[in-house]
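Quick one: sequence and predicted model below, then my questions.
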Amino acid sequence: MPQDAGPAGPPGQAGGQAGGPTARAIPPGLHFVATPIGAARDITLRGLDILAGADVLAAEDTRTLRHLMDIHGLPARGRPFVAYHDHNGAEARPRLLAALAEGRSVAYVSEAGTPLVADPGFQLGRAAIAAGHPVHAAPGASAVLAALTVAGLPTDRFLFAGFPPATGAARRRWLEEIANVPATLVIYESPKRVGELLVDCVHSLGGEREAAVCRELTKRFEEVRRGTLTELAADHADRTVKGEVVLVIDRARGRRVEAAEVEAALVEALTRMRVKDAAAAVAESLGLPKREVYQAALRLGKER
């Protein structure tokens, strides 16, 4: 992993020098840098260091990257900016791989958030790894984690399902595939289709499930609406929604759980926790009554 050269200064002074941004030497390799999903200040000091010092700057949208760098006072210094997105990956990838082969540092940022999370950087990362180049992550903002934080739903286990299909029939089949996953579901959706998605969620997942529609996270008009899927579908029936949307849905409750599944989960949990804590964790993850699982844990302990 790349090592920091020393304490970094505030945004706009990537090198921590009073005279302005100072580029630090960035180790060779591909550096995935998380960028803000709304508030420009939600970038890490390490992320600013990499953007200030990388030899090559690649981005899903180079205009967005240039704007972010301008906000934080990071000069381009004649460095190449390479657009890398879904439509030009095959053409742009060889140029970036050639730079890596020359021992240069390449920073890649997506339009917003953490690269590779519903983002075109995946193939670039795989190609760099296959070619034997170092690949690093400078973590930071992520709409997935931000939504989980404010939704008020269980976070012990979650599935990031990405974007659903755009058409109704395909979307309902897609939802049915993940309906019984024993985890909180996190879904990205276009604001134009969130109402339709909620209706399909009621049909495919059940209207009683708790959920949260998280919109414009970290931005000025951030909004989180919580309730059952039925309530949220009704709320969005005639509502025009703008901005980025993340839908968070609680796992299925009351589904039939086989005794063998409970026992296997308890055996694993008991290797890490006390009986009471293990029972509580398994009950939460499987949507079962705590007392029932606790009794099963006690019986399991006597049998072993």
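Great, that's in hand.

Pro115 against His31, yeah?
No - Pro115 lies out of contact with His31 (CB atoms under 8 Å); the separation is 9.6 Å. Backbone N, C-alpha and C define where each C-beta goes, glycine included.

Which of the helices or strands spans Ala58?
strand 56-59 (DSSP states H and E).

I'd like the distance from that strand to the chain centre, please.
Its chain's C-alpha centre lies 21 Å from the corresponding centre of strand 56-59 when counted by CA atoms, centre = their mean, to the nearest Å.

one step back: which residues do Pro115 and His31 both contact?
Residues touching both Pro115 and His31 (CB atoms under 8 Å, 6 or more residues apart in numbering): Tyr108.

still on that earlier bit, sort out which residues of whichever helix or strand comes after the strand holding Ala58 are buried, please.
Using DSSP H and E, the next helix or strand after strand 56-59 towards the C-terminus is helix 62-71. Within helix 62-71, the residues that count as buried by 16 or more other CB atoms under 10 Å are 62, 65, 68-69.

tell me the mean pLDDT over helix 62-71?
Averaging pLDDT along helix 62-71 gives 97.

Repeat that for stretch 141-149.
For stretch 141-149, the per-residue pLDDT averages 97.

Tell me the spacing between His33 and Gly113.
Let me fix one detail, which is that residue 33 is Val and not His. 11 Å (CB to CB, to the nearest Å).

Please parse the protein into its domains.
Annotated domains of the chain cover 29-141, 144-249, 259-303 [automatic domain parsing].

could you dump those to TSV with distance to Ala23?
Shown next, in TSV, are the domains of the chain (distance: least, CB to CB, whole Å):
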stretch	distance to Ala23
domain 29-141	4
domain 144-249	28
domain 259-303	45
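
Which of the ones you listed has the lowest mean pLDDT?
For the domains of the chain, the weakest mean pLDDT is recorded on domain 259-303, namely a mean of 84.

I'd say Gly195 and Asp235 touch.
No - using CB under 8 Å, Gly195 is not in contact with Asp235, being 9.2 Å away.

neighbour-wise, which of these two wins?
Gly195 (20 against 14; other CB atoms under 10 Å).

Could you check how many residues crowd around the closest residue to that one other than its chain neighbours?
Nearest residue to Gly195 in three dimensions, chain neighbours excluded: His236, at 4.2 Å (CB to CB, 6 or more residues apart in numbering). Counted by other CB under 10 Å, the residues lying close to His236 total 20.

before we move on, what about Glu284?
Counted by other CB under 10 Å, the residues lying close to Glu284 total 16.

Which parts of the stretch 1-150 of the chain are helices?
Counting by DSSP state H, counting those that start in this stretch, the stretch 1-150 of the chain has these helices, from start to end: 45-53, 62-71, 89-101, 121-130, 143-151.

Against which helices or strands is the fourth one packed?
Contacts defined by 3 or more CB pairs under 8 Å, 6 or more residues apart in numbering; DSSP states H and E place helix 121-130 against strand 29-33, helix 89-101, strand 135-138.

how about a cut-off of 10 Å?
Judged by 3 or more CB pairs under 10 Å, 6 or more residues apart in numbering; DSSP states H and E, helix 121-130 is in contact with strand 29-33, strand 56-59, helix 89-101, strand 105-109, strand 135-138.

cool, the first one as well?
Using 3+ CB pairs under 10 Å, 6+ apart as the contact definition, the elements that helix 45-53 packs against are strand 29-33, strand 56-59, helix 62-71, strand 105-109, strand 135-138.

got the angle between it and helix 62-71?
Interaxial angle, helix 45-53 versus helix 62-71 (axes from the mean of the first three to the mean of the last three CA atoms, to 10 degrees): 110 degrees.

Same question for the last one.
Computed by the same axes, to 10 degrees, the angle separating helix 143-151 from helix 62-71 equals 60 degrees.
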